[in-house]
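Undergrad: sequence-free structure coming up:
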């Protein structure tokens, strides 16, 4: 007799699903279909609100989506109904490329993009009337009063960052780093005296950047102070000491050596004796009959960018792009993507990794970083070029 053995965890899950599917009455909540923006796409969602809420009442919120590829209609309603009946505000949404949400190609799964979708879903939920609509200004006030930075820091940084390109100088990058180092030092002091408070402060900095980054996609802000604070905090967040006191290393931009390895491969000798050696013939009897192929100079990314956008990037900037590509080639998931996908699908995954690499290296080339993050046309060209280059290199290495 054949028997089916289910792991205990599966039995618990089945029991939970059965319990959640029973007793959740729609009389206790309302649900409506909504959409919100995420990276330029409309994502489909359900928004649950408990009944009986007072006009100014606020409730805890839960944001839900499936783990990978299932649409929200696949069982999530059972959970959301129960949460809403218990008094929670609930948002249930489909990731991009899935369910009723926008995005091409359909059915694709890119975890980093799903993380962005979750962030935007959380931010959208925070902005509903059931939560505090002034949360961003509240966070700004709390950060302003924290003492980690001064108004002069933001003004000095913004004066350099937003300076017209023709008036920029090589020393500007160094000046901006020096300005950012002041609040970084203040934050380091808080870490020493009260680590828990430092993490709360870090969370507020990231929360403000997330809220403003989301809202600026859909609301044309006229408050230039918010934009300056956003740019300042985005650069500050990248330089804050890591949680747990992990060491941070800073190298001068003149140091270009990425890897060095010294290894003794073999040891031996060759015998040289008098006489006539056989002549060594080049590959002249077959093929093109040319011993070495003629070197054809390839166009470089900076040449294309300079011609299209009127910039004046130089060899140092090209080296920055080259290092970005080499760092990407070391990523194991990217190598797997090159094996399993054609070039256009590979680019979708490469784009997420590329943005992370730019953020990690923004101190090395502030001008390119700012242009990449703020100019969509520039970003598209650079992403396509570097993706094509990385894909070709990975495919050639993999054979």
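TA: Sure, I can see it. The model shown is predicted, which means the values in this text are computed figures rather than measured ones. Numbering: from 1, shown residues only.

Undergrad: for residue 375, which non-adjacent residue is spatially closest?
TA: Using C-beta to C-beta, 6 or more residues apart in numbering and skipping the chain neighbours, the partner closest in space to residue 375 is residue 309 (7.8 Å). For every residue, glycine as well, the C-beta is placed using N, CA and C.

Undergrad: surely that neighbour meets residue 380?
TA: No. Between residue 309 and residue 380 there is no contact, the gap being 11.7 Å when judged by C-beta atoms under 8 Å.

Undergrad: between those two, which is the more surrounded one?
TA: residue 309 (14 against 11; other C-beta atoms under 10 Å).

Undergrad: who are the contact partners of residue 163?
TA: When contacts are counted by C-beta atoms under 8 Å, 6 or more residues apart in numbering, residue 163 touches residue 172.

Undergrad: that one in helix, strand or coil?
TA: coil (DSSP: H, G, I helix; E, B strand; the rest coil).

Undergrad: in the protein, which spans are helices?
TA: 8-20, 76-85, 111-126, 135-144, 151-161, 172-193, 195-218, 224-239, 301-309, 315-329, 332-340, 343-360, 366-374, 376-398 (DSSP state H).

Undergrad: so where's this structure shaky on pLDDT?
TA: 1-26, 131-135, 165-166, 214-223, 243-266, 269-299, 399 (pLDDT under 70).

Undergrad: domain ranges for this structure?
TA: Taking automatic domain parsing as the reference, the chain has its domains at 8-126, 135-239, 301-398.

Undergrad: nearest approach to residue 268 belongs to which of the ones you listed?
TA: domain 301-398 (29.6 Å; C-beta to C-beta).

Undergrad: distance between the ends of the closest one?
TA: 24 Å (C-alpha to C-alpha, to the nearest Å).

Undergrad: same question for stretch 31-50.
TA: The first-to-last residue distance of stretch 31-50 comes to 9 Å (C-alpha to C-alpha).

Undergrad: likewise for stretch 31-48?
TA: 4 Å.

Undergrad: contact partners of that stretch?
TA: So stretch 31-48 is contacted by 29-30, 49, 72, 77, 80-81, 83-84, 88-96, 99-103, 113, 116-117, 120-121, 124-125, 128, 214, 217-218 (C-beta under 8 Å, 6+ apart).

Undergrad: list buried residues within those residues.
TA: Neighbour-count burial (16 or more other C-beta atoms under 10 Å) applied to the contacts of stretch 31-48 gives 29, 49, 72, 77, 80-81, 83-84, 88-96, 99, 101-103, 113, 116-117, 120-121, 124-125, 214.

Undergrad: how close does residue 40 sit to residue 75?
TA: 29 Å (C-beta to C-beta, to the nearest Å).

Undergrad: got it, and residue 136?
TA: On the measure of C-beta to C-beta, residue 136 and residue 75 end up 34 Å apart.

Undergrad: of those two, who's got more company?
TA: With neighbours defined as other C-beta under 10 Å, residue 136 and residue 75 compare such that residue 136 has more, 21 against 13.

Undergrad: give the contact list for that one.
TA: Contacts of residue 136 by C-beta under 8 Å, 6+ apart are 208, 211-212, 215, 226.

Undergrad: reformat those as a markdown table; add distance to residue 152 and neighbour count.
TA: Output for those, formatted as a markdown table (distance: C-beta to C-beta, whole Å; neighbours: other C-beta atoms under 10 Å):
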| residue | distance to residue 152 | neighbour count |
| --- | --- | --- |
| 208 | 19 | 24 |
| 211 | 24 | 21 |
| 212 | 21 | 23 |
| 215 | 26 | 17 |
| 226 | 18 | 17 |
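
Undergrad: OK, contacts around the residue sitting nearest the centre point of the chain?
TA: Geometric centre of the chain, nearest residue: residue 356, 4.7 Å, by C-alpha atoms, centre = their mean. By C-beta under 8 Å, 6+ apart, the contact set of residue 356 is residue 112.

Undergrad: same check, this time on the one 3 residues further on
TA: Contacts here follow C-beta under 8 Å, 6+ apart; on that basis residue 359 touches 238, 369.
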